[in-house]
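Asks: need coordinates for the below:
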Amino acid sequence: MSNFFNRNCCNRPCPRNVIISNGITGPTGPAGPVGPTGATGPSITGATGPTGPTGPTGPTGPTGPIGLSVTGPTGPTGATGSTGPTGATGASGTGATGPTGATGPTGPTGPTGPTGATSTFTVATTTTLAPGNDATVTTTQTGSAVSFAFGIPRGATGPTGATGPTGPTGATGPTGATGASGTGTTGPTGATGPTGPTGPTGPTGATSTFTVATTTTLAPGNDATVTTTQTGSAVTLTFNIPRGDTGATGDTGPTGATGATGASVTGATGPTGPTGATGPTGATGASGATGATGAGLAAYGGLYNNATQTPTLTTANTFVQLELNTETPLLNTTTSANAITVTEAGDYEIYYNIDLTATAELTFSAEARENTTAIPQTVTTNTATVTTTGGGTFNTSLTCSAIATLAASDVIDLALTTTGTPSGTTTVQANGSCILTVKKLND
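Replies: Just a heads-up that it's a prediction; the model follows:
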């Protein structure tokens with residue numbers, strides 16, 4: 001607390017108490033003026049005159065600014081008191097469990113009963129049903145002898161092929177669906193032997209087991225067959241089920257819509273033609289300008305085979321050179337046994353086509369080779385597909401046009417392989433169906 005004085009209208013100090021919390025004390029006011037000196041007494045030594053009155057007190061200095069109200073930080077939280085002790089647990093209210101009763105005596109053991117008879121299984125008949133019927137299995141049991149009568153439907157005829165694209169040949173119909181599997185049901189368990197006098201039950205007769213040895217798909221038109229082989233209680237079944245007939249050839253697709261008219265592009269002006277023939281006698285005309293020499297390929301050449309061939313394909317992914325025995329026109333190239341040799345270095349277009357027929361459904365791969373090493377951009381792969389006429393014949397074509405940089409004296413040939421284990425016979429067709437060409441694209 002501090003005292004603060006203001007002067008009022010009477011120019012006298014009026015005390016007023018002001019409480020300022022944490023305020024800053026204002027500066028001390030200036031000292032009042034010195035009072036006037038009293039008059040000098042007569043120069044007579046005598047009693048000292050009275051002291052002059054004290055001058056008035058100077059005005060109080062201005063009040064200092066109010067101090068900032070700053071709250072001090074909150075003190076730390078006191079420590080948590082300790083937890084009181086846990087009350088005692090009440091007594092459990094479950095009664096004691098009574099004693100277990102005594103086990104009764106075991107009955108006497110009697111003699112073992114006889115072993116049940118082992119069942120025998122035979123296939124009485126196997127009947128081929130029309131496509132669309134459900135497979136049937138009928139069993140007949142006489143004692144422990146069980147016979148089966150199988151009814152197995154032939155595969156349904158494949159659906160008619162989808163309408164082919166524009167062109168004379170319809171698309172090949174898909175292969176007919178494979179007939180349903182005819183696995184037989186498990187035979188009944190052998191009969192239990194008669195119960196002997198009181199004693200343990202005799203051992204159960206041996207359980208028959210069934211396994212399917214093979215399931216073979218036959219050509220369309222064959223009858224389905226099932227054969228069995230029995231060793232003790234183990235029965236093995238062998239199924240032969242015919243494939244469905246090949247679907248009918250799809251109708252020829254409708255003629256495609258006429259394509260949009262191509263853009264009208266004026267070709268570059270051709271070179272000046274040769275001088276015209278001499279006209280009828282008259283004024284001698286001026287000679288025409290000599291035409292520019294026409295541009296052409298700097299080098300080209302090709303080989304094809306003029307007869308069918310059956311390359312010997314014995315190992316998967318091992319390429320075999322194809323026979324190419326007939327030349328096309330050549331320029332700055334030469335030919336040797338089944339290969340073309342370029343005499344000028346440069347960029348060449350390499351083209352080949354192979355049409356082939358196989359007796360097995362195989363995937364073939366072809367490549368053009370540079371000095372017996374594959375040119376990567378010329379490798380093509382295709383799977384032979386069944387023909388529309390059936391009979392186990394599969395066709396495919398492998399065609400490629402690629403650009404490669406060749407050096408002078410490089411030797412180019414054509415090779416073929418299968419990506420899986422080869423089987424059956426592969427026949428490469430003749431003439432344009434087995435051809436290799438090279439064309440130099442730069443001077």
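Asks: from now on I want contacts and neighbour counts done on CA atoms only, so please keep to that.
Replies: Will do.
Asks: tell me the mean pLDDT for the helix or strand where residue 213 lies?
Replies: When secondary structure is defined using DSSP states H and E, the element that contains residue 213 is strand 209-218. Mean pLDDT, taken over the full extent of strand 209-218, equals 84.
Asks: how about the very next helix or strand once past it as CSV, C-alpha atoms only?
Replies: Toward the C-terminus, strand 209-218 is succeeded by strand 225-231 as the next helix or strand (DSSP H and E). Taking Å, rounded to 0.1, in the frame of the first residue of the first chain, the C-alpha atoms of strand 225-231 are listed here in CSV:
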residue,chain,number,x,y,z
THR,A,225,-15.0,-98.6,-72.2
VAL,A,226,-14.2,-99.3,-68.5
THR,A,227,-11.9,-102.2,-67.5
THR,A,228,-11.0,-103.3,-63.9
THR,A,229,-8.1,-105.1,-62.4
GLN,A,230,-8.5,-106.5,-58.8
THR,A,231,-5.7,-107.6,-56.4
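Asks: strand partners of the next helix-or-strand element following strand 225-231, parallel vs antiparallel please.
Replies: Next along the chain after strand 225-231, taking DSSP H and E as the criterion, comes strand 234-242. Here strand 234-242 has these sheet partners by DSSP bridges: strand 209-218 (parallel), strand 225-231 (antiparallel).
Asks: tell me which of those is the most buried.
Replies: Using mean count of other C-alpha atoms under 10 Å, the stretch among these with the largest mean neighbour count is strand 225-231, at a mean of 16.
Asks: for the record, mean pLDDT for that one?
Replies: Within the predicted structure, the mean pLDDT of strand 225-231 is 86.
Asks: got the contact list for that strand?
Replies: Under the criterion C-alpha atoms under 8 Å, 6 or more residues apart in numbering, residues 120-123, 126-127, 150, 235-241 lie in contact with strand 225-231.
Asks: buried ones from those, can you make that a PyMOL selection?
Replies: This is how PyMOL selects the buried members of the contacts of strand 225-231, with burial counted by 16 or more other C-alpha atoms under 10 Å:
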select buried, resi 120+121+122+123+126+127+150+235+237+238+239+240+241
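Asks: per-residue confidence at residue 235?
Replies: Each residue has a pLDDT score; the one for residue 235 is 81.
Asks: number of nearby residues for residue 408?
Replies: The number of residues packed near residue 408 is 12, by other C-alpha atoms under 10 Å.
Asks: quick one, strands of the stretch 251-400 of the chain?
Replies: Under the criterion DSSP state E, counting those that start in this stretch, the stretch 251-400 of the chain contains strands at 300-305, 320-321, 326-327, 333-336, 339-342, 346-358, 363-370, 373-374, 380-383, 385-386, 394-406.
Asks: quick one: average pLDDT of the helix or strand that the last one is followed by?
Replies: Yep, that's strand 394-406 we're talking about. Counting by DSSP H and E, the element after strand 394-406 in chain order, helix or strand, is strand 411-418. In this model, strand 411-418 has a mean pLDDT of 97.
Asks: got the buried residues for the following helix or strand past strand 411-418?
Replies: Downstream of strand 411-418, the next assigned helix or strand under DSSP H and E is strand 426-428. Buried residues in strand 426-428, counted by 16+ other C-alpha under 10 Å: 426-428.
Asks: okay if I get these as JSON lines plus distance to residue 31?
Replies: Conversion of those to JSON lines gives the following (distance: C-alpha to C-alpha, whole Å):
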{"residue": "426", "distance to residue 31": "132"}
{"residue": "427", "distance to residue 31": "134"}
{"residue": "428", "distance to residue 31": "132"}
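Asks: okay, those in CSV with pLDDT and distance to residue 213 next?
Replies: Supplementary listing: these in CSV, determined by pLDDT from 0 to 100; distance: C-alpha to C-alpha, whole Å:
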residue, pLDDT, distance to residue 213
426, 94, 32
427, 94, 35
428, 95, 38
